[in-house]
Structures are given as C-alpha cells and as structure tokens.
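A.B. asks: Predicted coordinates and the sequence they were generated for:
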Amino acid sequence: MILRWFRVDDWRSHGLAAGVAASGVAASQIAPLSGIAAAFGAIGIGMNGIVTACIVPLLAMPWPKKSCVPPEPSCQAQRRRILFEG
C-alpha cells in the first residue's frame with residue numbers, strides 16, 4: 001500500500017519489501033503475482049535473517065551474565081536433602 005502511494009511499480013521493490021517486512025506470509029501472497037517479486041521476497045527474508053543474526057548478539061553483550069553463575073554446593077546439598085528425605 002505504501003509503495004503504491006509513492007507510485008513504486010517495480011515488482012522487485014514490492015518483493016523485497018514483502019520479504020523484509022512480513023517474511024514468509026507476504027512473500028507467499030505476492031508470489032502468484034510475479035515470479036521476480038517472489039525471488040526478491042526470498043532474498044529479503046535471507047537478508048533479514050543475516051542482519052538479525054549479526055545484530056542480536058551485539059545488542060545482548062552489555063547485559064550481565066548473573067544467571068549463568070552456578071549455585072553454591074551447600075545449597076544444592078540442602079535442596080537434595082529436602083527433596084529426597086521429605
């Protein structure tokens with residue numbers, strides 16, 4: 001709709017926008033209209049996956065890793081006693 005509003009008539013643009021914005025659903029809806037649009041939709045899906053795989057780890061770096069610290073051994077032993085001795 002936005003591409004039509006800006007009078008973009010190229011199927012490559014429509015396919016790439018559908019692939020990047022809405023992934024498989026929009027790419028599958030545009031596929032019967034044009035094979036070129038479907039191909040560019042697949043390229044958009046691939047580009048979106050690659051960019052996401054590169055950016056998400058960089059965004060996750062500043063968070064502290066406190067949840068990865070194992071509990072103290074005394075706490076584990078106490079939990080086992082409570083669970084198994086009832």
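C.D. replies: Noted; the coordinates are in hand.

A.B. asks: show me where this structure has helices.
C.D. replies: 2-5, 11-30, 35-60, 73-85 (DSSP state H).

A.B. asks: Would you mind finding the most buried of those helices?
C.D. replies: Comparing the helices of the chain by mean neighbour count (mean count of other CB atoms under 10 Å), helix 11-30 ranks first with a mean of 18. (C-beta placed from N, C-alpha, C; glycine too.)

A.B. asks: Mind giving me the packing neighbours of that helix?
C.D. replies: Applying 3 or more CB pairs under 8 Å, 6 or more residues apart in numbering; DSSP states H and E, one finds that helix 11-30 makes contact with helix 2-5, helix 35-60.

A.B. asks: and the first one, what's its mean pLDDT?
C.D. replies: Summarised as a single mean, pLDDT over helix 2-5 is 81.

A.B. asks: who touches that helix?
C.D. replies: Helix 2-5 is touched from outside by Ser13, His14, Ala17, with contacts defined as CB atoms under 8 Å, 6 or more residues apart in numbering.

A.B. asks: Quick one: find the helix or strand in this protein with the lowest mean pLDDT.
C.D. replies: Within the chain, no helix or strand scores below helix 73-85, which has a mean of 67 by mean pLDDT, DSSP states H and E.

A.B. asks: for the chain, which spans come out with low pLDDT?
C.D. replies: Within the chain, the stretches with pLDDT under 70 are 64-83, 85-86.

A.B. asks: Could you report the separation of the closest residue to Gln29 other than its chain neighbours from Phe84?
C.D. replies: Leaving aside its sequence neighbours, Gln29 sits nearest to Ala18 (CB to CB, 6 or more residues apart in numbering; 7.4 Å). Applying CB to CB, to the nearest Å, the value for Ala18 to Phe84 is 57 Å.
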